[in-house]
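> predicted model follows, preceded by the sequence.
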Amino acid sequence: MTAFLAVSPEFALAQANEAITAPADTPSNTFRTDRPQASGGVVPSDGVGVFDRMGAKLPDLPPEKAYTGQIDEAFGAYQRGYYLTAMDKALPRAQLGDPAAQTLIAEILSQGLGVKRDMKNAAFWYGKAAEGGDPAAMFKYALLLMEGNNVTRDRAKADEFMRKAADGGNSSAEFNWAQTLVADNPGDKGLKLALPYYEKSAEQGIADAQYAVAQIYQQVPDLPEEKKQVARDWLARAAHAGFDTAQLDMGVWLINGVGGPKDYVRGFEWLKLAANRGNVVAQNKLAHLYVNAIGTAPNPIEAAKWYVLSRRAGLTDPSLEDFYLGIEDDQQKAAIEAANKFRRTN
């Protein structure tokens, strides 16, 4: 994991707020009430004002183009929550070999939507749809094959369907196939093989993939410079998506200046967010920030609170233990009470 916090006196951060005010001579009324007359009584056009538009008939909207595509009544019923109707409409198509209808039936059965949950039959239909080339079904069936859940466990077949689903554009399969490539090919070789799949999954909004892209861009040598320059952007996407490990690393990167300039205040904010979400490492590092006044004012009680929480979770830290033992008894008591309150309300 990323290194953290070589504390130095430079960490005192001063920030200034700019006041944005309107010019003193800004007119109080910006609406025109006069319309100058040209010679001959002709009024020159200077556009349609807001008062002219009020009450005027708007132009007709352009006619909508008729939809000529095929309407999937089964999926439409599924989207509206009419699961039995969806099943009735999908079943005849599924029996005739329609992969999309087979996947829809498998989803209804696997989740027990309007019917009794039936994983055995769901696995059957996922298998049929996967063999028919549906990417979503190939992904789900690959997971079943990996786990041996209502099907015979088969790692080779699972990998085959996972790869096909990834190549078919399924975002979850892209991420999982990338993970497989990394596991089967240790070192930079595996990361480079997996990167295209991570990138495709990240583009589709999978936060885990966005986090992986950021880490690979930052750590793997011999990648184009333009990729390294956007590593922090990808990490920010994962952090904004609520991925607490990305929030932790975002705070660390900002404080240590990884992938861009240092920003102690924003780094503190990201670590506090991750800590409040229960990330133990973030809680430990947040305690350091409060001790050393990095991105925030010093606060021994808050520092001790976050240390107590991370220590209870099993993360030891000798330097924070020395700090904790050095504060006043009433501060220790207040910190323990604050830690207990945090545990009760989170």
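Yep, it's here.
> so, low pLDDT: which residues of this structure?
1-59, 61, 64, 66-69 (pLDDT under 70).
> and stretch 153-162, what's buried?
157, 158, 159, 161, 162 (16 or more other CB atoms under 10 Å). Yep, even glycine has a C-beta here, placed from its N, CA and C like the rest.
> with stretch 169-186 instead?
Under 16+ other CB under 10 Å, the buried positions of stretch 169-186 are 170-182.
> in TSV, list the residues you listed along with secondary structure and distance to residue 249.
Output for those, formatted as TSV (DSSP: H, G, I helix; E, B strand; the rest coil; distance: CB to CB, whole Å):
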residue	secondary structure	distance to residue 249
170	coil	27
171	helix	22
172	helix	22
173	helix	25
174	helix	22
175	helix	18
176	helix	22
177	helix	24
178	helix	18
179	helix	18
180	helix	23
181	helix	22
182	helix	18
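> which ones are touching residue 211?
Contact analysis of residue 211 by CB atoms under 8 Å, 6 or more residues apart in numbering lists 234, 235, 238, 243, 245, 246, 249.
> at 6 Å what do you get?
Applying CB atoms under 6 Å, 6 or more residues apart in numbering, we find residue 211 in contact with 238, 243, 246.
> how is this protein partitioned into domains?
Each domain of the chain is listed here as a residue range: 74-168, 242-346, per automatic domain parsing.
> want to try CSV for these, with distance to residue 188 as columns?
Formatted as CSV, the domains of the chain follow (distance: least, CB to CB, whole Å):
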stretch, distance to residue 188
domain 74-168, 21
domain 242-346, 19
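> quick one, which of the ones you listed is nearest to residue 213?
domain 242-346 (10.8 Å; CB to CB).
> can you get me the start-to-end distance on that closest one?
End-to-end span of domain 242-346 (CA to CA, to the nearest Å): 16 Å.
> and it, how far out from the chain middle?
23 Å (CA atoms, centre = their mean, to the nearest Å).
> before we move on, back to that, out of the domains of the chain, which is closest to residue 224?
domain 242-346 (14.9 Å).
> which helix or which strand is home to the closest residue to residue 298 other than its chain neighbours?
Distances taken as CB to CB, 6 or more residues apart in numbering place residue 290 nearest to residue 298, at 6.5 Å, with adjacent residues excluded. If you go by DSSP states H and E, residue 290 is part of helix 280-292.
> contacts for that helix, please.
Contacts for helix 280-292 (CB under 6 Å, 6+ apart): 4-5, 7, 248, 268, 271-272, 274-275, 295, 299, 302-303, 306-307, 309-310, 313, 315, 317, 320, 323.
> now do stretch 118-135
Contacts for stretch 118-135 (CB under 6 Å, 6+ apart): 99, 102-103, 105-106, 109-110, 137-138, 140-141, 144, 150-151, 161, 165, 168, 170.
> try 7 Å
With CB atoms under 7 Å, 6 or more residues apart in numbering as the test, stretch 118-135 has contacts from 94, 97, 99-100, 102-103, 105-106, 109-110, 137-138, 140-141, 144, 149-151, 161, 165, 168-170, 173.
> which among the residues you listed end up buried?
Among the contacts of stretch 118-135, those classed as buried by 16+ other CB under 10 Å are 94, 99-100, 102-103, 105-106, 109-110, 137-138, 140-141, 144, 150-151, 161, 165, 170, 173.
> if we can go back for a sec, would you mind checking the contacts of helix 280-292 for buried ones?
For those, a burial check counting by 16+ other CB under 10 Å picks out 248, 268, 271-272, 274-275, 295, 302-303, 306-307, 309-310, 317, 320, 323.
> buried stuff in stretch 274-282?
274, 275, 276, 279, 280, 281, 282.
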